[in-house]
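Colleague: no FASTA, just this:
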């Protein structure tokens, strides 16, 4: 079975500062990894994904995540955060694409 | 197409009542998923359909829960004899599945928030 651990439930950070949201996964086989973002009272939106190939993946709004197989991690980073990045971020893993296993989420609060 | 649509957005019901939620997926998507999200937790898988066939159900889906996708388009999730523990956000998602081990991510709806009092 697969599982995901998000080590930080809440991350406050000042505007324009860098941020890292940590995600570790557990699986005995190769999996696909995702980050989703959830704004208040909205559904989840796909932020970025790792399927294969380059271990560094990027989103269109400046986030990036690096797949590290040896450390079973898929941490999300942004070099300079904006107020609009305040949201809940979920790391997820899937083996086949049929069923996703989500972490408990990290609440990112950007402080002006 | 405006994405995945879920109705109602909010539902308050008394314990013991039945409730039904509706999900309209993106029209060309053949797979539809239901997840449940409780406060402070990530979404948990409930079930999914490919066209009208229900292919997998989680153990979380007790026999009080039933999901249908009668014509392979919209889906309904019914909870009978609701309990306070059913209070959660019920999320629907859809995707276009073409081959095995395709993992393209879902498009989620905004969810239906159920409160059982």
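Modeller: Done, it's in. Please read these numbers as outputs of a predicted model, since none were measured by experiment.
Colleague: and the residue nearest to the spatial centre of chain B, how far from residue A:81?
Modeller: Geometric centre of chain B, nearest residue: residue B:34, 2.8 Å, by Cα atoms, centre = their mean. Here residue B:34 is placed at a distance of 33 Å from residue A:81 (Cβ to Cβ, to the nearest Å). Placement of C-beta: from N, CA and C, glycine included.
Colleague: quick one: stretch B:55-72 to chain centroid distance?
Modeller: 9 Å (Cα atoms, centre = their mean, to the nearest Å).
Colleague: buried ones in it, by neighbour count?
Modeller: B:58, B:61, B:65, B:67, B:69 (16 or more other Cβ atoms under 10 Å in any protein chain shown).
Colleague: next, see if the lowest-mean-pLDDT helix or strand in chain A gets close to chain B.
Modeller: Here the helix or strand of chain A ranked lowest by mean pLDDT, DSSP states H and E is strand A:56-58, holding a mean of 87. No - residues of strand A:56-58 are not located near chain B by Cβ under 8 Å from any Cβ of the partner chain, the shortest gap being 12.0 Å.
Colleague: just checking the helix or strand that that strand is followed by against chain B, any contact.
Modeller: Proceeding N to C from strand A:56-58, the next assigned helix or strand is strand A:64-68, under DSSP states H and E. No - if you take Cβ under 8 Å from any Cβ as the test, strand A:64-68 misses chain B, and the best it gets is 13.4 Å.
Colleague: need the contact partners of strand A:64-68.
Modeller: A:23, A:33, A:35, A:48, A:50, A:55-58, A:73-78 (Cβ atoms under 8 Å, 6 or more residues apart in numbering or on different chains).
Colleague: who's residue A:3 bridged to?
Modeller: With DSSP bridges as the criterion, the beta-bridge partners of residue A:3 are residue A:26.
Colleague: tally of neighbours for it?
Modeller: 12 (other Cβ atoms under 10 Å in any protein chain shown).
Colleague: parallel or antiparallel, list what pairs with the least confident helix or strand of chain A.
Modeller: strand A:64-68 (antiparallel).
Colleague: out of the buried residues of stretch B:55-72, which are inside strands?
Modeller: Residues of the buried residues of stretch B:55-72 located in strands (DSSP state E): B:65, B:67.
Colleague: any idea how far the closest residue to chain A within chain B is from residue B:78?
Modeller: Closest residue of chain B to chain A, Cβ to the nearest Cβ: residue B:42 (3.1 Å). To residue B:78, residue B:42 is 24 Å away according to Cβ to Cβ.
Colleague: these two - which one has more neighbours?
Modeller: Set side by side, residue B:42 and residue B:78 show more neighbours around residue B:42, with 22 against 13, by other Cβ under 10 Å.
Colleague: looking at the closest residue to that one other than its chain neighbours now. What's its pLDDT?
Modeller: Spatial nearest neighbour of residue B:42, chain neighbours left out: residue A:102 (3.1 Å); criterion: Cβ to Cβ, 6 or more residues apart in numbering or on different chains. pLDDT for residue A:102: 94.
Colleague: residue A:102 and residue A:34, how far apart?
Modeller: 9 Å.
Colleague: who touches the spatially most central residue of chain A in this structure?
Modeller: The centroid of chain A falls nearest to residue A:35 when counting by Cα atoms, centre = their mean (3.7 Å). If you count contacts by Cβ under 8 Å, 6+ apart, residue A:35 has them with A:23, A:46-49, A:59, A:63, A:65, A:74, A:76, A:89-92.
Colleague: go again with 6 Å.
Modeller: Residues in contact with residue A:35 (Cβ atoms under 6 Å, 6 or more residues apart in numbering or on different chains) are A:47, A:48, A:65, A:76, A:91.
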